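Peer 1: A structural model of the following input is requested.
(one chain, ligands or ions: 2)
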Amino acid sequence: MAEDAAVETKGLSKTYVDFLGKREVKALRDLNLTVGRGEIFGLLGPNGSGKTTTMKLLLGLIFPTRGEARVLGRPAHDVQVKHRIGFLPEESYLYRFLNAEETLDFYGQLFDIPRKERRRRTDDLIQRLGLESARRRPVKEYSKGMARRIGFAQALINNPEVLFLDEPTSGLDPIGSREMKDLILALRKEGKTILLSSHLLADVEDVCDRIAILHLGSLRKSGEVRDLLHLKEILQIRVRGLPDAAREKIARIIAEHSGELLGFDHPSETLENLFLKTIREHPQEDDQGMHRPEWDRRADSGGSS
Ligand SMILES: Nc1ncnc2c1ncn2[C@@H]1O[C@H](COP(=O)(O)OP(=O)(O)OP(=O)(O)O)[C@@H](O)[C@H]1O
Ligand SMILES: [Mg+2]
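Peer 2: Ligands and ions are numbered 1, 2, ... in the order given. Got it, this is the predicted structure:
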């Protein structure tokens, strides 16, 4: 196994059997995967393709039927590793009557973090996840997006080296999801390794260095996002202010050189950018316990977006 890998699986397989031992589900088949330290790695695949199963195996929450899973050079079920990893489950199970501060303090206690340090981290995470106004509100009152944020903060309380995020942007509005992506990118800058799963392909494309696509428990494709999406055989020329007449000339030159002109077109804005710009045109503090996004505040202070 590679020494410097943050996460590694070899022939990892999981077959679930129902309690009568009659029905088997081959949830994961022979998965070989390596995630390097400091990488953001995305697990993609349709419903039931084995993403959550892979995460649970890596967290040592379930045992493989065959194969091996290692995290930070140790077997996934090793207790020593648990202190060095963070996990955002598909659905966070939070104590409904605790507020944000109490929730984070509680999880900090589970990791034996001293009181003063727990306070510092709780304050830092509340601020980082934009939960200031929800600090003293019980979790049961949270919207889906707020619950996702507190779940994320909880995953970060032990300052983990490796983070497992099962659908981190699910249920978030475009602003929340942009912030979550920015946070994930910032965490990589701090040297953390992140393994995430998602159905939102645009989100994966935005943040992941490498991806793996699972289907029916098998790995179908993996590699660097850039390489996988790069259309090497097509050359794109982008110009501004070109007169129409010049287009005809260009078309002729392409034909002379036996190239195939696929068309002249205008690039599009991404829907995410359009949405964020539209909201930004009407900035206002809201009263729902959500804070103004980072980019919105930057705009006030005259910074660039
Ligand atoms: N505890 C379990 N007992 C029996 N079968 C299970 C169990 N957990 C998962 N499965 C089955 O294993 C397969 C993979 O499930 P998994 O939850 O890993 O998929 P997923 O890729 O995370 O899907 P989703 O996108 O819906 O979250 C599915 O067929 C699922 O029904
Ligand atoms: Mg899942």
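
Peer 1: contacting residues for residue 58?
Peer 2: Residue 58 sits next to 7, 9, 69, 71, 76, 164, 195 when contact means Cβ atoms under 8 Å, 6 or more residues apart in numbering. Any C-beta I mention is one placed from the backbone N, CA and C, and that applies to glycine too.

Peer 1: quick one: it from residue 155, how far?
Peer 2: 14 Å (Cβ to Cβ, to the nearest Å).

Peer 1: what's the weakest-modelled helix or strand in this protein?
Peer 2: Confidence across the helices and strands of the chain bottoms out at helix 294-300, with a mean of 50, counting by mean pLDDT, DSSP states H and E.

Peer 1: Verify the stated contact: residue 142 with residue 150.
Peer 2: Yes: look at residue 142 against residue 150 with Cβ atoms under 8 Å: they come within range, at 6.7 Å.

Peer 1: Can you name the residue of the stretch 1-150 of the chain nearest to ligand 2?
Peer 2: At 3.2 Å from ligand 2, residue 52 is the closest residue in the stretch 1-150 of the chain, using Cβ to the ion.

Peer 1: burial measure for that residue, as a count.
Peer 2: Counted with other Cβ atoms under 10 Å, the neighbours of residue 52 add up to 17.

Peer 1: and the gap between the closest residue in space to residue 59 that isn't next to it in sequence and residue 168?
Peer 2: Leaving aside its chain neighbours, residue 59 sits nearest to residue 87 (5.8 Å; criterion: Cβ to Cβ, 6 or more residues apart in numbering). Here residue 87 is placed at a distance of 11 Å from residue 168 (Cβ to Cβ).

Peer 1: swap in residue 109?
Peer 2: 24 Å.

Peer 1: More neighbours: which of these two?
Peer 2: Between residue 109 and residue 168, residue 168 has the larger neighbour count (other Cβ under 10 Å), namely 26 against 13.

Peer 1: now the strands: where do they sit in the chain?
Peer 2: With DSSP state E as the criterion, the chain has strands at 5-17, 24-36, 40-44, 66-71, 74-75, 85-88, 162-166, 193-197, 210-215, 218-224.

Peer 1: So what's the gap between the fifth one and the chain middle?
Peer 2: For strand 74-75, the gap between its own C-alpha mean and the chain's C-alpha mean amounts to 23 Å (Cα atoms, centre = their mean, to the nearest Å).

Peer 1: list the buried ones in the longest helix seen in the chain?
Peer 2: For the chain, the helix with the greatest residue count under DSSP state H is helix 174-189. Within helix 174-189, the residues that count as buried by 16 or more other Cβ atoms under 10 Å are 174, 175, 176, 177, 178, 179, 180, 181, 183, 184, 187, 188.

Peer 1: How confident was the prediction at the fifth one?
Peer 2: Which is residue 178. Reported pLDDT at residue 178 in the predicted model: 90.

Peer 1: Now it: closest residue in space that isn't a chain neighbour?
Peer 2: For residue 178, ignoring the flanking residues on the chain, the nearest one in space by Cβ to Cβ, 6+ apart is residue 276 at 6.3 Å.

Peer 1: One more: the last one?
Peer 2: Nearest residue to residue 188 in three dimensions, chain neighbours excluded: residue 40, at 5.4 Å (Cβ to Cβ, 6+ apart).
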